[in-house]
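Student: Here's my sequence, what's the structure:
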Amino acid sequence: MDLNQNNLNDQTELKARGNWNQVKGEAKQKWGQLTDDDLDYEDGKQDEWFGRLQEKTGHAVEDIKNWFHRTF
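Tutor: Below is the predicted model of the structure:
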């Protein structure tokens, strides 16, 4: 079923969101200065999002991307 009409099965979407919440928690543990607002992701704004994370953590964007790829 696709209640919000985003072309994703609702069960798949719920699982992805659950995993994302877990990953956000792990990111906040790794980089204690990150907040939920810092980890809010908007489609189409990936570069801005990684730039914001780079500013907050002091880590290179590639290091942050690699961490997310390994964790997610």
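
Student: which stretches of the chain form helices?
Tutor: Using DSSP state H, the helices assigned to the chain run over residues 10-30, 46-57, 61-71.

Student: Quick one: closest of those helices to L39.
Tutor: Closest to L39 of those is helix 10-30 (Cβ to Cβ; 4.7 Å). Bear in mind the C-beta positions are built from the backbone N, C-alpha and C, glycine included.

Student: what about the closest one, average pLDDT?
Tutor: Summarised as a single mean, pLDDT over helix 10-30 is 76.

Student: switch to numbering from 33
Tutor: Noted, 33 is the first residue going forward, which turns the last one into helix 42-62.

Student: what's the nearest residue to L85 if we skip its chain neighbours?
Tutor: Distances taken as Cβ to Cβ, 6 or more residues apart in numbering place I96 nearest to L85, at 5.2 Å, with adjacent residues excluded.

Student: Report how many residues lie close to that neighbour.
Tutor: Other residues near I96 come to 20 when the count uses other Cβ atoms under 10 Å.

Student: residue contacts, it?
Tutor: 82, 85-86, 89 (Cβ atoms under 8 Å, 6 or more residues apart in numbering).

Student: if we take these, which one ends up nearest to H101?
Tutor: The closest of the contacts of I96 to H101 turns out to be F82 (Cβ to Cβ; 12.2 Å).

Student: mind listing what T103 touches?
Tutor: Taking Cβ under 8 Å, 6+ apart as the criterion, T103 is in contact with 55, 58-59.

Student: Same list (the residues you listed) but as JSON lines, adding distance to D69.
Tutor: Listed next are the contacts of T103 as JSON lines, based on distance: Cβ to Cβ, whole Å:
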{"residue": "V55", "distance to D69": "16"}
{"residue": "E58", "distance to D69": "17"}
{"residue": "A59", "distance to D69": "13"}
